[in-house]
Each structure stands twice: as C-alpha cells, then as structure tokens.
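> Coordinates for the following, if possible.
(one chain, ligands or ions: 1)
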Amino acid sequence: MIDPTILEAENAKRSAALQADYEALGAQLARRGIEIEALTTRAMGFGVAVPSWGTGTGGTRFARFPGLGEPRHIFDKLDDCGVIHRLTAATPKVSLHIPWDKADPADLKAKAAEYGLGFDAMNSNTFQDQPGQAQSYKFGSLSHTDAATRAQAVEHNLECIEIGQALGSKALTVWIGDGSNFPGQTSLSRQFDRYLQSMKAIYAGLPDDWRLFSEHKMYEPAFYSTVVQDWGTSLLTAQELGPKAQCLVDLGHHAPNVNIEMIVARLVRAGKLGGFHFNDSKYGDDDLDSGTIEPYRLFLVFNELVELENTPGLDLSHMIDQSHNVTDPIESLILSAGEIQRAFVQASLVDRAALAGYQDANDALMASATLRAAFRTDVEPILAMARLRKGGAIDPIATYRSSGYRARVSEIRPRVSGAGGGIV
Ligand SMILES: [Mn+2]
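The predicted model follows:
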C-alpha cells in the first residue's frame, strides 16, 4: 500500500534534522529534570483507534461532496486504516460500525491482520432505517413507544456484540438519536425508562469480558430533547446497568465552553469512564479534526488522564470520531492521531510535584503557568522519533503524498454520487 522504498527515502531526507532536533529537545528537557527517552517510550506505547466511517468523506444535512478514491466497502476502509497505521504507527485498532461494515468476520480479521490491525469498540446503528427493516426508527429505537421496535433495536445491538466477539472486540458503543423535536411530543421520564429497559436487555447479552459504552450527545437529530443528552444521563445509565457499563465521552457532543476535562475527572472518580471519541468543534458537534480549534482543551483532558492514570481499573478506549468534509480523510486522520498523541505527551511532561505544591499553596498563577509550560513545549521531535522507531514516517503527511496512494486507489474506486446529504 505504501512502497517501503518511498517511506525509507522520505525518512532519510529528514533523519539528520530529526536527530538534531531530538538532541536539542532532550537537552532542554534534561535541564527541567525530564528524561526524553521516557517520554518517547510513552509516545510509542500510545494508540488511538480509527473509525471505519471516518475514512469516507462526510457530509451535512445539505450535501455531500465526495472525494477521489473513496472506500467502497469495509475492505477498502481497512486498506485506508492500514495506510494510516503504517505511517503514524499510532492507530493499531479500527472501530467498526454495523451494518455499514458488515462482512464475514473471518474475512475482516484476515484483512486487518495484513496491516497488524485489531478492532476496538463496535458501534451499533439504530438512527437510520436499513433496507427491508421491519420497524422504522423515525420516532426512536431503544426508547420507542412500540415494544416491537425496541426489541428490533435490542436485537441489532446483540448482533453487533456477536460480530464483535468473532473479531476480538471487547466493547459495544451505543449512541442513539432518540429524543423529540417538540415539547410535549414525548414523556421525558417514560422515554428514558424505556431506554433503560432496552439497555438492560443489551447488557444481559454482554460477555463477561466486554464493556458497554453509553455515548451522550446534546442534540441532533432530535432538536428539542435527546434521551442521552449529557454525561449526567450517561452516568445514570452506566450506574443503573452495572459494572460492565461505562460512559464514552465524545468531545464534540457538548455545548461550547462546557468544562469537559472536569467531566472526565468526575467519571474517572466514579469508575465509569470507558473511552473517548476525539475530535474538535467550533459549535456543537464532532465535525472537526482533533486539535484544530482547542488544542489546549485537548491537552487539559489528557492532563486529567495522566494525573489519574494509575486509578485502579481505569482502562480507556481511545477512539477518533470525526467528519471530514473538505480534506482527504486519510490525511485528517493521520494528523488527528498525531494531535491526540501530542496532547498525551505534553500532559506527560507536566511537573506534577510542582503543580500539586502550587495547588496546595493556593498559588493560582504558578499552578496555571506550570500547565502552560508543558503545553508550550514542542514535542514534535518525540512524536517523530516514536514513529521512526516503530517503522512509521517522520513526516507522515509528506510521505503519504509522495506515495501516490490516493491517486492509485482512485483508479479502482469509482466516485460515489454526491447527491443528498450524508451522515458520518
Ligand atoms: Mn461519537
């Protein structure tokens, strides 16, 4: 997929500069009492899952403008995920979406194995009607007033678990579009009761070593009320279901200015943080690439995670969930993986002893400055060295462009019609 000679040639062009930058940063960090090799080891151990659906071009309610060589099916998507992992060496897993990615699990496993990829959380889909489906989700799925519709939605989630088990996945993420568009349209409490009842049926079908993630989102497609609208409802759900149920935080699914790092700290405290969908947003959804709007907030989220990383039982699924409308999705996912890894490494070099001292002494200025000193540190040489040592690219975007991958696949993948809106 990526010609190894091109990868080697691209790395050779940059290796002397990287070595010099790495040594300079190492010396700078050593003066601060930080061992650069320890950070590089942490960077090498960090991984974030790519969403299969993110490899295609997204869209809005208004239109979708397809790109060249878009994946036709899950096997093309896995090829694209393989390219991303080959170059970044930081995206070892793929998160699948059913039914969009439905195929023989043996074939999926074989294809993923070609690229050394595994599978992160499975994602169910009860926000769309599929061809031939008996009951419609127009007025909801797991919380629908009609028992047969709820049963169908539960059954679909159980099927996602079954497929995931064959693939080696260990979690199911449930996000529903259920809610209402008018005040009075639904009973807010009875609708939530029905949702919980359905989730309990899914939970009952969960293997012992699996987790069930509840993902909240403040609005859309239900524009007046959404059943799982915030982390409070998500936590309530996870607590009511049991120990295998946890919350998934999608950074874009909050109102602007919401203190997401604080939500993260609270959910860890409750033993209920299961994972993330990373992205960024200017307004209120998951539409933009990680680190493009509020890189400091991404850092602050990781600051909490690093501070709490030794919490017993904490086991997080790091996943990306973005909609790529005007970029090559592979390039967006490559850069996003790097931005997420960057925030992790920057948070790892916070002087925690100094920070705790300033906090205890109520020295707000120095506490804040301590965080920003870590955030200001350009850790790119660490990220590039981590990639190089794992066989990836020092500059993954430049290498991807040199490889001609997109032009090559566009010859065998026909352009998908741009008519109608799109969902990612
Ligand atoms: Mn999401």
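
> what about the protein, any weak spots by pLDDT?
Scanning the chain for pLDDT under 70 picks out the ranges 417-424.

> Up against the ion, what does it have?
Selection of the chain residues close to the ion by Cβ under 5 Å from the ion yields 250, 277, 321. Every residue, glycine included, has its C-beta placed from N, CA and C.

> For the nearest residue to the last one once chain neighbours are set aside, give me its contacts.
In this case it means Asp321. With sequence-adjacent residues excluded and distances taken as Cβ to Cβ, 6 or more residues apart in numbering, Asp321 is closest to His277, at 3.5 Å. Applying Cβ atoms under 8 Å, 6 or more residues apart in numbering, one finds that His277 lies in contact with 51, 215, 248-253, 286, 319-321.

> Next, the buried residues of the host helix or strand of Cys160.
Assigning secondary structure by DSSP states H and E places Cys160 in helix 147-167. Of the residues in helix 147-167, those buried by neighbour count under the rule 16 or more other Cβ atoms under 10 Å are 149-154, 156-161, 163-164, 167.

> by contact count, what packs against that helix?
helix 105-114, strand 122-123, strand 171-174, helix 188-204 (3 or more Cβ pairs under 8 Å, 6 or more residues apart in numbering; DSSP states H and E).

> please redo it, this time with the cut-off set to 10 Å
Identification of packing neighbours for helix 147-167 by 3 or more Cβ pairs under 10 Å, 6 or more residues apart in numbering; DSSP states H and E yields helix 105-114, strand 118-119, strand 122-123, strand 171-174, helix 188-204.

> now it against helix 105-114, angle please.
50 degrees (axes from the mean of the first three to the mean of the last three Cα atoms, to 10 degrees).

> C-alpha coordinates for stretch 272-284, CSV please?
Taking C-alpha atoms only, stretch 272-284 is exported to CSV below (Å, rounded to 0.1, in the frame of the first residue of the first chain):
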residue,chain,number,x,y,z
LYS,A,272,-17.3,5.0,34.9
LEU,A,273,-15.1,6.5,32.2
GLY,A,274,-14.8,3.9,29.4
GLY,A,275,-13.4,5.8,26.5
PHE,A,276,-13.3,8.7,24.1
HIS,A,277,-14.3,9.9,20.7
PHE,A,278,-11.8,12.5,19.9
ASN,A,279,-12.5,15.4,17.6
ASP,A,280,-12.9,19.1,17.8
SER,A,281,-15.7,21.5,17.3
LYS,A,282,-16.3,25.2,17.0
TYR,A,283,-20.0,25.0,17.8
GLY,A,284,-21.6,21.8,18.9
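
> Give me the distance from it to the chain's centre.
Counting by Cα atoms, centre = their mean, to the nearest Å, stretch 272-284 is centred 7 Å from the centre of its parent chain.

> which of the residues in that stretch are buried?
Residues of stretch 272-284 classed as buried: 272-281, 284 (neighbour count, 16+ other Cβ under 10 Å).

> ditto for stretch 173-191
Counting neighbours by 16+ other Cβ under 10 Å, the buried set in stretch 173-191 is 173-180, 186, 191.

> How about stretch 130-147?
Of the residues in stretch 130-147, those scored as buried under the neighbour-count criterion (16+ other Cβ under 10 Å) are 135, 137, 139-144.

> And those residues, which two are furthest apart?
In these, the most distant members under the criterion Cβ to Cβ are Gln135 and Ser143, with 13.2 Å between them.

> one step back: quick check: the residue nearest to Asp321 is in a strand.
Yes: His277 forms part of a strand when assessed by DSSP: H, G, I helix; E, B strand; the rest coil.

> re the thing from before, with secondary structure as extra columns, can I get the buried residues of stretch 130-147 in TSV?
Shown next, in TSV, are the buried residues of stretch 130-147 (three-state DSSP):
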residue	secondary structure
Gln135	coil
Tyr137	coil
Phe139	coil
Gly140	coil
Ser141	coil
Leu142	coil
Ser143	coil
His144	coil
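
> could you redo the residues you listed as CSV and give each row distance to Asp360?
Formatted as CSV, these follow (distance: Cβ to Cβ, whole Å):
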residue, distance to Asp360
Gln135, 58
Tyr137, 52
Phe139, 53
Gly140, 49
Ser141, 49
Leu142, 46
Ser143, 46
His144, 52
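
> Closest one to Pro71 out of those, please.
The shortest gap between Pro71 and any of the buried residues of stretch 130-147 belongs to Tyr137, at 25.2 Å (Cβ to Cβ).

> on that earlier part again, what touches both of Gln135 and Ser143?
Common contacts of Gln135 and Ser143, defined by Cβ atoms under 10 Å, 6 or more residues apart in numbering, comprise 149-150, 153.

> Any idea how far the helix or strand harbouring Leu87 is from the middle of the chain?
Secondary structure from DSSP H and E places Leu87 in helix 74-88. What separates the centre of helix 74-88 from the centre of its chain is 15 Å, taken as Cα atoms, centre = their mean.

> Identify each buried residue in it, please.
74, 76-88.

> What helices and strands are in contact with that helix?
Helix 74-88 packs on helix 4-31, strand 50-51, strand 93-95, helix 105-114, helix 329-348, helix 380-389, helix 396-403, helix 405-412, going by 3+ Cβ pairs under 10 Å, 6+ apart.

> in the first one, what's buried?
Taking 16+ other Cβ under 10 Å as the basis for neighbour counts, the residues of helix 4-31 that come out buried are 6-7, 10-11, 14, 18, 21-22, 25-26, 29.

> Now do the buried residues in the next helix or strand after that helix.
Downstream of helix 4-31, the first helix or strand assigned by DSSP H and E is helix 36-44. By 16+ other Cβ under 10 Å, the buried positions in helix 36-44 come out as 36, 39-40, 42-44.

> ditto for stretch 212-232
Buried residues in stretch 212-232, defined by neighbour count with 16+ other Cβ under 10 Å: 212-217, 222, 225-231.
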